[in-house]
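**Q** 3D model of this:
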Amino acid sequence: MSNKQRNRRLQSGPFMDNVVKRGPRLAKEQSNQSKISFVPTNANPAISRVPDQITVPGVYELSKSNFGTSGLYFNSNFLTNDESDTVFDYLNTLIEFENHERDGNLIREFAWFGEITYTYSSTHAHSPNETWPACLIEMKEKIKAYLQKSLNLDFECNSLLINKYASGHQSIGWHSDDEKCLGKQPVIASLSVGETRVFELKKKPSSPTWSGKSEDIMSEVVRVPLPSGSLLVMMGATQQDWIHRVPKEYHDRGLRFNLTFRKTHEASNVVK
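**A** Prediction:
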């Protein structure tokens, strides 16, 4: 791609034109598949188990417990190739990232956009940053409109965490997004651009649906390869019953950005 083409993409108009086009195409793709559903309205039948690896677009039920139903929505082609390239170039050239280090080693870089301080693991805090670039506002609105149209899901979002993985050696470990400021059962929309990386989930040992057998910890792992332009949405009791990560990979992997859109609250105003 020439520099002139890259500059033209960075100065291009909104991405909203593609929202209506993607809905019918996804519905057509899913019409040839078996029904795999986790819908907040409980309108469709659920399945008892998801595959070990999710590659087919659709809505998946992970588990049911005393907390409720854990579910994922996956679309491998949420963005077109041109849109993915535009967002990638924008993030790679115009967003300032901070280092996330552990024991002196850089494990990834991050950027935070939100109205309040976001603290996780009781040790890391992202300061408020209310200035959203136009490109990221367009992505937020595109996701909101798409989820409303495709899932009848009223997705609220006022914050965004972007993780930058320079290579396969950079990663994020097992965790759940269950901080008090995110509320009881947050809906988190994850958009990926750049290199494909594998997203993994496994059942929490503390989950009411865990069998109690140590060998089941790894047998419950669900893997989702996330190509450039893909959208993954975690909802329901997923953060209460499951943990997730992006593991290290020891073969060549290029640059990847992951954008997680979510609704944050002042922690003092949230009852979990």
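**Q** quick one: the helices in the stretch 151-272 of the chain?
**A** Here the stretch 151-272 of the chain has its helices, by DSSP state H, counting those that start in this stretch, at 216-219, 238-241.
**Q** mean pLDDT lowest for which of those?
**A** Within the helices of the stretch 151-272 of the chain, the stretch with the lowest mean pLDDT is helix 216-219, showing a mean of 52.
**Q** quick one, what contacts the nearest residue to residue 130 once chain neighbours are set aside?
**A** Leaving out its chain neighbours, the residue that sits closest to residue 130 by CB to CB, 6 or more residues apart in numbering is residue 115, at 5.6 Å. (Glycine included, C-beta is placed from N, CA and C.) Contacts for residue 115 were tallied using CB atoms under 8 Å, 6 or more residues apart in numbering; they are 128, 130, 158, 159, 264.
**Q** could I get the pLDDT score of the first one?
**A** Spelled out, that is residue 128. You'll see residue 128 listed with a pLDDT of 63.
**Q** repeat for the last one
**A** pLDDT for residue 264: 88.
**Q** next one: the fourth one
**A** In this prediction, residue 159 carries a pLDDT score of 93.
**Q** please renumber so the chain begins at 4
**A** Got it, the first residue is 4 from now on, which makes the last one we talked about residue 162.
**Q** what is the neighbour count of it?
**A** 24 (other CB atoms under 10 Å).
**Q** repeat that for the last one.
**A** Residue 267 is flanked by 21 other residues according to other CB under 10 Å.
**Q** ok, the closest residue to it other than its chain neighbours to residue 240 distance?
**A** Excluding its sequence neighbours, the residue lying closest to residue 267 (CB to CB, 6+ apart) is residue 162, at 4.5 Å. Relative to residue 240, residue 162 is positioned 21 Å away (CB to CB, to the nearest Å).
**Q** equivalent analysis for residue 169, please.
**A** From residue 169 over to residue 240 the distance is 33 Å, taken as CB to CB.
**Q** again, but for residue 111
**A** In this view, residue 111 and residue 240 are 27 Å apart by CB to CB.
**Q** who has more neighbours, the two?
**A** Legend: neighbour count by other CB under 10 Å for residue 111 and residue 240, higher for residue 240 (23 against 20).
**Q** so the more buried one sits against residue 64, correct?
**A** No. Applying CB atoms under 8 Å as the test, residue 240 and residue 64 come out as separate, 10.7 Å apart.
**Q** great, nothing more from me.
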